[in-house]
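J.: missing the sequence, but the structure's below:
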């Protein structure tokens, strides 16, 4: 009976996904607006492209804003281009994107206590495991 409910749930989620159009194609107007964007100088264009390559697409997760063709990536790429063209610094653009989409949008998140715990806790647990194992082995060897 459970497998029947599982199948019904799976089928309903597929129908719902098709009806709500979760993944929508980029419009031609969007693509044209991004592709024909005019920068004030070639240097500004290089800086904006480099900055957009350092930011992750919120939808694709494994692509940067330049590589992704999702609608959200095109919108964000246009925002990056406009902000850079207005003379804003890379840090201002990164701060804007981080405030809106969180640390996830950055490939290289800032060092913080939260990130240190996230990356450091497994190392500390591994070291404690090795230390405890070594102590138990030395106790067994001394008792034998």
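T.: Thanks, I have the structure now. Everything quoted here is computed from the prediction, not taken from an experiment.

J.: Give me the distance between residue 77 and residue 128.
T.: Applying CB to CB, to the nearest Å, one obtains 45 Å for the distance of residue 77 from residue 128. Placement of C-beta: from N, CA and C, glycine included.

J.: Compare neighbour counts for the two and give me the winner.
T.: residue 77 (25 against 10; other CB atoms under 10 Å).

J.: domain assignment for this protein?
T.: 29-110, 118-144 (automatic domain parsing).

J.: From the chain's centroid, how far away is the last one?
T.: Here domain 118-144 shows a centroid-to-chain-centroid distance of 35 Å under the convention CA atoms, centre = their mean, to the nearest Å.

J.: Now mean pLDDT too, for the domains of the chain, in CSV please.
T.: As requested, those are exported to CSV (pLDDT from 0 to 100):
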stretch, mean pLDDT
domain 29-110, 84
domain 118-144, 91
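
J.: so which of these is the most packed in?
T.: domain 29-110 (a mean of 15; mean count of other CB atoms under 10 Å).

J.: where's that domain relative to the chain centroid, distance-wise?
T.: 13 Å.

J.: Okay, helices next: where are they in the chain?
T.: For the chain, the helices defined by DSSP state H occupy 2-20, 28-35, 42-53, 71-85, 90-101, 113-143.

J.: can you list those helices in CSV and add distance to residue 61?
T.: Supplementary listing: these in CSV, determined by distance: least, CB to CB, whole Å:
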stretch, distance to residue 61
helix 2-20, 18
helix 28-35, 20
helix 42-53, 15
helix 71-85, 11
helix 90-101, 12
helix 113-143, 17
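
J.: Determine which of those approaches residue 64 most closely.
T.: The closest of the helices of the chain to residue 64 is helix 42-53. By CB to CB, the value is 4.8 Å.

J.: what residues does that closest one touch?
T.: 39, 64-67, 76-77, 80-81, 84-85, 90, 93-94 (CB atoms under 8 Å, 6 or more residues apart in numbering).

J.: how close does residue 93 sit to residue 139?
T.: 57 Å.

J.: Kindly report the same for residue 79.
T.: 61 Å.

J.: Residue 129 too?
T.: Counting by CB to CB - residue 129 and residue 139 are separated by 16 Å.
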